[in-house]
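> Sharing a model prediction with you, sequence too.
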Amino acid sequence: MKILVILDTGSYSRKIIKDVARLAENTFADIIFLGVQEKDTKPAKSLVNGLLKYQQDLYGFFPPEDLPYAEFTDQTWRETGPGKWLLTSRGMKEFSLHIRTGSVAKEALALAAEVESDLIILGCSRKFGCEWDGEMNVPLRVARDAPCSVLVIKQVRRARQIISILDQSVVSQDSLEMVNQLVTLHDAGLKIIGVKEKKGKKDKIEKRMVELLKYYNELGIGAWIKLINREEVQDYVTASSREGIVALWMGGRESLLKKLFSRSMVDKLLESTTSSLLILR
């Protein structure tokens, strides 16, 4: 598994490192940190220091004997292209720092595609709902356009529930495991909410829900299931976000949720929720 973490020097970035470390420990993942600067011919000192500090903070959450990542033997940044620099180490798993010049959202999406990341994680300030310093709509643009799952952590706190909302599109094994990791990470309950179209056959989505219930029960995770109509989805999601992390399965081309959750709706969720939002692909 590869986890791409988008970071800057804001406090909202610093606060997510513990959750990143716990996910990394549970999934034995390769970790990629990305920092983006507006313009320069070399890595900005403040960003270099910030990324190295985050790296040490993450390492500090592991017992030394269990740390799967190595220290950097040489802290010389390697230029990999115009406005692109890399620092990497390899222990049992790989840890790399990337600095790029340009737009945060654009560079994050490009790097996610290049390294074939399985999950993108980023925080956000609660100013104006869910924003980043220096660039508008970073969480929204990443959540909407990423080629993989995205976890936006708005407030670091324990979630009581993981509310997993799915339709009839294909559910990937990676997405199932991602929900499992969040349940474990937060010691949370799990709600599986199925969505059916007005003219759709509910037996198909009910069968999918029962399969998921069995899957999670076999992992020792108790789950609660419910079926709702498509016209109820937006209100249900908004209400559910107050009690925990909402996970939206938006993977397939024919995904009903992908059709229902327009750019403005995802923006509204990021603005109104007090916790986190997980887009599953």
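Perfect, thanks for sending it. The structure displayed is predicted, hence computed values, not measured ones.
> three-state assignment of D235?
What DSSP: H, G, I helix; E, B strand; the rest coil gives for D235 is helix.
> Could you give the bridge partners of the residue nearest to V237 when sequence neighbours are not counted?
The shortest distance from V237 to any non-neighbouring residue, by CB to CB, 6 or more residues apart in numbering, is to V246 (5.7 Å). Just so you know, the C-beta spots here come from the backbone N, C-alpha and C atoms, and that holds for glycine as well. Taking DSSP bridges, one obtains I163, L277 as the residues bridged to V246.
> how about W85, what does it touch?
K42, P43, W77, R78, E79, H98, I99, R100 (CB atoms under 8 Å, 6 or more residues apart in numbering).
> which one of the residues you listed has the most neighbours?
H98 (25 neighbours; other CB atoms under 10 Å).
> Helix, strand, or coil at it?
Here H98 is strand, with the state taken from three-state DSSP.
> surely it meets P43?
No. Between H98 and P43 there is no contact under CB atoms under 8 Å: 9.9 Å.
> circling back: shouldn't the residue nearest to V237 be in contact with L166?
No. Using CB under 8 Å, V246 makes no contact with L166, being 11.8 Å away.
> what about the helices in the stretch 151-281 of the chain?
Remark: helices assigned in the stretch 151-281 of the chain by DSSP state H, counting those that start in this stretch are 173-186, 202-218, 233-240, 256-260, 263-272.
> and those helices, which one is worst for confidence?
Among the helices of the stretch 151-281 of the chain, helix 256-260 carries the lowest mean pLDDT, at a mean of 49.
> just checking, I6 is part of a strand?
Yes. Read with three-state DSSP, I6 is one of the residues of a strand.
> for it, which residues make a bridge with it?
With DSSP bridges as the criterion, I6 is bridged to L34, L122.
> Distance check, it against P68.
The gap separating I6 from P68 is 22 Å, by CB to CB, to the nearest Å.
> Of these two, which one has the most company?
Under the criterion of other CB under 10 Å, the comparison of I6 against P68 puts I6 first, with 29 against 16.
> Surely the more buried one is in contact with A110?
No. I6 lies out of contact with A110 (CB under 8 Å); the separation is 11.8 Å.
> Could you look up the SS state of the spatially closest residue to A105 that is not a sequence neighbour?
Leaving aside its sequence neighbours, A105 sits nearest to R141 (CB to CB, 6+ apart; 3.9 Å). With three-state DSSP as the basis, R141 sits in helix.
> Count the residues that sit near R141.
R141: 19 surrounding residues under other CB under 10 Å.
> From here on, call the first residue 54.
Sounds good: first residue 54 from here, last item R194.
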